[in-house]
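> predicted model and sequence below, questions to follow.
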Protein chains: 2
Amino acid sequence: MALPPRDDAAVARAVAALDARFGDRCQTGAAIRDQHGHTATWMPTQAPDAVVWPVTTEEVQALVRICAAERVPVIGFGAGTSLEGHVNAPAGGVSVDFTRMDKVLAVHADDMDCTVQPGVARKALNVHLRDTGLFFPVDPGADASLGGMAATRASGTNAVRYGTMRDAVLGLKAVLPSGEVVTTAHRARKSSAGYDLTRLMVGSEGTLGLITELTLRLHGIPEAISAATCSFPDVEAACNAVIAVLQYGVPVARMEMLDTLTVKAVNAYSGLDLPLTPLLLLEFHGSPAGVAEQAQTVGEIAAEFGAAGFDWTADAEARTKLWQARHDAYWACHGLRPGLKSMSTDVCVPVSHLATCVGAVQARAAAEGLAAPVLGHVGDGNFHVLLQVDTGDAAEVARAEAFVGWLNDLAIAHDGTCTGEHGIGQGKAKYLPRELGPEAIGMMRAIKRGIDPHNIMNPGKIFDMGNAGPT
Amino acid sequence: MALPPRDDAAVARAVAALDARFGDRCQTGAAIRDQHGHTATWMPTQAPDAVVWPVTTEEVQALVRICAAERVPVIGFGAGTSLEGHVNAPAGGVSVDFTRMDKVLAVHADDMDCTVQPGVARKALNVHLRDTGLFFPVDPGADASLGGMAATRASGTNAVRYGTMRDAVLGLKAVLPSGEVVTTAHRARKSSAGYDLTRLMVGSEGTLGLITELTLRLHGIPEAISAATCSFPDVEAACNAVIAVLQYGVPVARMEMLDTLTVKAVNAYSGLDLPLTPLLLLEFHGSPAGVAEQAQTVGEIAAEFGAAGFDWTADAEARTKLWQARHDAYWACHGLRPGLKSMSTDVCVPVSHLATCVGAVQARAAAEGLAAPVLGHVGDGNFHVLLQVDTGDAAEVARAEAFVGWLNDLAIAHDGTCTGEHGIGQGKAKYLPRELGPEAIGMMRAIKRGIDPHNIMNPGKIFDMGNAGPT
């Protein structure tokens, strides 16, 4: 899908109209524009022509109508924590910053749902919910905006129990390229009412419309939470224990794995003394008796697979300490070779292929001389290789890029996906056709063309521009 | 969306080509055609021109290519248990009977998934899985085909814990109107790889393509299962208990409600002596200690809301007996006024609106003199009114149809949906625009046009032909 042609006069007209409509809430300064084309990644910034801060759905409609009339691109911006260049503006256009649409519009405690604007950050939502006994479980690590999380179908550490944004969004409102507002579903827990537009919008990365309201499923705060860690002789033993835990039906809330290199990094960063072997970290939610039983069952399973040092606790402070390795992992990995940039990967494979894939990663990283710590949401088969890259060394960058491509192909060859939770954006656009084939890409293009015929919604994302004919 | 124009010569050419290709597996006899336009409902039969039994994806491709070349409609047929006229052929065409595509292609026990052809019935799948320790949880009552269940986004009694077909399908293959085979996803537990084509196909009711392969999520057979029943003074008390159970986070596997009229019908039908009050039936899955704890917690909650006679058991035979009222409910309701036809409804509302909506149903049914027993998957807010209608009495049919329309509007007015699990088909097409508005219908039409520009895939379903312009 080619980028829409750029027409400087049209952009100027649209920006002038936005300036008249939004006043100070339309900005064109270079620093602000650069900040809105910048992502938490190694990808080069591609700044938009202007940034607008709407506060209502009606304002988003007005903005989209102005841009659509001039066929100027519109790019949603939440917290800027995307790892795949989602907020870049490769064809210019207007960045729609949702940070001022940050209201919790309603909490229906009896129905365990809430309706929010897209700029609400997930931590702020949980603070808001504090007194209701409810919480919003999807936790991608970063304090992302809920609109951005929905747009990228984000998940994180406790997806193994509570699901991803796919499961968390009951319905949403979005402004379409036509300026119309679509309501995809209401608040029923389930529905068979026509095409599942909610799930189509979740993960569409702003390429079909801009989400302006979300109704989210909430969960009761568990009566008790306990945590456990244990060390395994090797990755295969850890993965086999994970499979057994899942098959046994233990409702683990979180199940994370750090490989030996990550453990080593954490030991150095946080002054810990963990054994230099793969580490599994678990969290259990339930009644006090329930979490004790879950921990005991997992402890027995872990022992069967040769685990040592199964520690568990239901005490909040001790739990944080037990999970310190996980909390520190990102920055600890950065510390492996200070000054380098992190290149994240996001493959997800069936759990039975996890040990093979992680083993292949470690072997190739060693052969290539790359620092490639592995950190996984292993309950879902999703793992990240936090490649530490010297971006000043062209040969190392090339090796790292080849490594990422090889890893994506490895996951695809193992019935998996190149992205479990980060999305396609710009970074993975060339892998999507390899993963799903030309028929799926053709179907996605047909949907995109039908809804956004002039390709004004976040152009240059999801679809690989390298292989593309016209829109 | 208007029906495609009928061209008898084109139909004749397509049927001749299918006859040449499929031999005995292409049939045009009236009885067989009628059977394939017949649904488990009061709707009139609209027979196809021919019925074909393919056995492979390649044969479905060949069939679709033959029909597409002549612009002849193609209608998928599974077990024929649809309640909304999904298998009717209002514009004629070819019924594709999937009953011979009934192979379980692979079971990946370690990954807790399996790949099946669409004609596998859900009970047959569970028989096949018996020795793996795994089961497929979605249970719509009828022994439906898995392809049909996916196409209508079916669910049933244990959706409250295990989700619906939306959650159960990891990925699928489908033959598109072009004859191409699309793969929507592989076997990873989660993915952010582009538009969620899996969820778009699930619930698309055969209007975008024919599903020829499904990869399904499985679950471990619980170590222990227990059941409970309890009687409540009124519907409101029962609904409040349901809300409390959900908020408390008790992981109930099933939570069903029978209203007083349904209990009365069951007593008469099965010689039971249940109190003539609303009845809640529950099932718990987990460890032996876990299910005991769940039952105890629910018993305490039920008592708080005035429940009497909380009975529970972990014994399989006693469990069946305890749930006998639920198992017998459908036929028992039929027995309320023998010889009548059942007109099913399928609204789903947020649980906080459940008591209000059920109360309104009972009041209106009494005022109208309609036999309207209520049976609900109350954990999801989904309930069925099993209207018993004398189809020979035109005035009663009119009253019943007006009742169904009023009920759908009532659910929509309470933030709900006209269909929790049966789908839109023909029967609810006029309610879909009322529920989601013209923008959502416009978006669905854009998708339909992009993928099936000549409207050959199950025309006359989902989209209301009464309000439609051309395709």
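The structure has been received and is ready for your questions. Residues are numbered from 1 along each chain as shown, chains lettered A, B, ... in the order given.

> now the closest residue to A:Asp380 other than its chain neighbours: which helix or strand?
Once flanking residues are discounted, A:Asp380 sits nearest to B:Arg189: 4.5 Å by CB to CB, 6 or more residues apart in numbering or on different chains. Heads up, the C-betas are built off the backbone N, CA and C, glycines and all. Here B:Arg189 sits in a region with no helix or strand, counting by DSSP states H and E.

> shouldn't B:Arg189 be in contact with A:Leu354?
No: taking CB atoms under 8 Å as the definition, B:Arg189 is not a contact partner of A:Leu354, at 10.9 Å.

> overlap in contacts of the two?
Taking CB atoms under 8 Å, 6 or more residues apart in numbering or on different chains as the contact criterion, the common neighbours of B:Arg189 and A:Leu354 are A:Gly381.

> got the contact list for the residue nearest to A:Asp380?
B:Arg189 neighbours (CB under 8 Å, 6+ apart): A:348, A:350-351, A:380-382, B:170, B:217.

> so where is chain A shaky, pLDDT-wise?
Applying pLDDT under 70 to chain A picks out residues A:1, A:40, A:466-471.

> outline the domain layout of it.
Residue ranges for the domains of chain A, per automatic domain parsing: A:8-99+A:447-467, A:101-220, A:224-413.

> next, the residue nearest to A:Pro140 when sequence neighbours are not counted: secondary structure please.
Excluding the flanking residues, the one nearest A:Pro140 by CB to CB, 6+ apart is A:Gly156, at 3.9 Å. Secondary structure, DSSP: H, G, I helix; E, B strand; the rest coil: A:Gly156 is coil.

> can you pull the contacts of A:Gly156?
When contacts are taken as CB under 8 Å, 6+ apart, A:Gly156 is in contact with A:138-141, A:377, A:421.

> same question, A:Gly427
A:Gly427 is in contact with A:41, A:43, A:83-85, counting by CB under 8 Å, 6+ apart.

> next one: A:Ile451
Residues in contact with A:Ile451 (CB under 8 Å, 6+ apart) are A:176-177, A:208-209, B:443, B:446-447.

> which residue does the stretch 51-200 of chain A have closest to chain B?
Closest contact between the stretch 51-200 of chain A and chain B, by CB to the nearest CB, is at A:Arg199 (3.5 Å).

> can you tell me the helix or strand for that residue?
In the assignment (DSSP H and E), A:Arg199 maps to helix A:197-201.

> residue boundaries of the strands in the stretch 51-200 of chain A?
A:74-77, A:94-97, A:104-108, A:113-116, A:134-135, A:169-175, A:181-183 (DSSP state E, counting those that start in this stretch).

> export the ones you listed to a markdown table and tack on distance to B:Asp131 and mean neighbour count?
Shown next, in a markdown table, are the strands of the stretch 51-200 of chain A (distance: least, CB to CB, whole Å; neighbours: other CB atoms under 10 Å in any protein chain shown):
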| stretch | distance to B:Asp131 | mean neighbour count |
| --- | --- | --- |
| strand A:74-77 | 49 | 28 |
| strand A:94-97 | 55 | 28 |
| strand A:104-108 | 44 | 16 |
| strand A:113-116 | 40 | 23 |
| strand A:134-135 | 39 | 18 |
| strand A:169-175 | 38 | 25 |
| strand A:181-183 | 47 | 21 |
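
> as JSON lines, these with distance to B:Glu223 would be great.
Formatted as JSON lines, the strands of the stretch 51-200 of chain A follow (distance: least, CB to CB, whole Å):
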{"stretch": "strand A:74-77", "distance to B:Glu223": "46"}
{"stretch": "strand A:94-97", "distance to B:Glu223": "51"}
{"stretch": "strand A:104-108", "distance to B:Glu223": "35"}
{"stretch": "strand A:113-116", "distance to B:Glu223": "32"}
{"stretch": "strand A:134-135", "distance to B:Glu223": "28"}
{"stretch": "strand A:169-175", "distance to B:Glu223": "32"}
{"stretch": "strand A:181-183", "distance to B:Glu223": "43"}
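
> now those in CSV, with distance to chain B?
Compiled in CSV, the strands of the stretch 51-200 of chain A are given as follows (distance: least, CB to the nearest CB, whole Å):
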stretch, distance to chain B
strand A:74-77, 16
strand A:94-97, 19
strand A:104-108, 7
strand A:113-116, 7
strand A:134-135, 8
strand A:169-175, 9
strand A:181-183, 4
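
> tell me which of those lies nearest to B:Trp331.
Within the strands of the stretch 51-200 of chain A, the stretch nearest B:Trp331 is strand A:169-175; the backing value is 34.2 Å (CB to CB).

> paired strands for the closest one, with orientation please.
strand A:181-183 (antiparallel), strand A:210-217 (antiparallel) (DSSP bridges).

> check the offset of the first one from the chain's centre.
Translated: strand A:181-183. On the basis of CA atoms, centre = their mean, to the nearest Å, strand A:181-183 sits 24 Å off its chain's mean C-alpha point.

> would you state the helices of the stretch 251-400 of chain A in chain order?
A:260-270, A:288-304, A:316-322, A:324-334, A:354-368, A:394-413 (DSSP state H, counting those that start in this stretch).

> which residues does A:Val175 contact?
Here A:Val175 is in contact with A:57, A:60-61, A:64, A:181, A:209-210, A:212 (CB under 8 Å, 6+ apart).

> which strand residues bridge it?
Using DSSP bridges, the bridge partners assigned to A:Val175 are A:Val181, A:Leu210.

> separation between it and A:Ile66?
Using CB to CB, to the nearest Å, A:Val175 is found at 12 Å from A:Ile66.

> how about A:Ile412?
In terms of CB to CB, A:Ile412 sits 41 Å off from A:Ile66.

> so between those two, which is more surrounded?
Neighbour totals were compared for A:Ile412 and A:Ile66, and A:Ile66 leads with 23 against 20 (other CB atoms under 10 Å in any protein chain shown).

> now do the same end-to-end measure for stretch A:299-310.
With CA to CA, to the nearest Å as the measure, the first residue of stretch A:299-310 is 6 Å from its last.

> I figured A:Leu407 hits A:Val349, correct?
No: when contacts are counted by CB under 8 Å, A:Leu407 is not listed as touching A:Val349 (10.6 Å).

> these two: who's more crowded?
Neighbour count, other CB under 10 Å: between A:Leu407 and A:Val349, A:Val349 has more, with 28 against 24.

> check contacts around the more buried one.
Taking CB under 8 Å, 6+ apart, one finds A:357, A:381, A:411, A:414-417, B:188 in contact with A:Val349.

> now do the contacts for the closest residue to it other than its chain neighbours.
The shortest distance from A:Val349 to any non-neighbouring residue, by CB to CB, 6+ apart, is to A:Gly416 (3.3 Å). Residues near A:Gly416 by CB under 8 Å, 6+ apart: A:347-350, A:353, A:357, A:381, B:186-188.

> what about stretch A:328-348, near chain B?
Yes: Stretch A:328-348 is in contact with chain B by CB under 8 Å from any CB of the partner chain, via A:346, A:348.

> check which residues of that stretch are buried.
Using 16 or more other CB atoms under 10 Å in any protein chain shown as the test for burial, stretch A:328-348 gives A:328-330, A:332-334, A:336, A:340, A:342-348.
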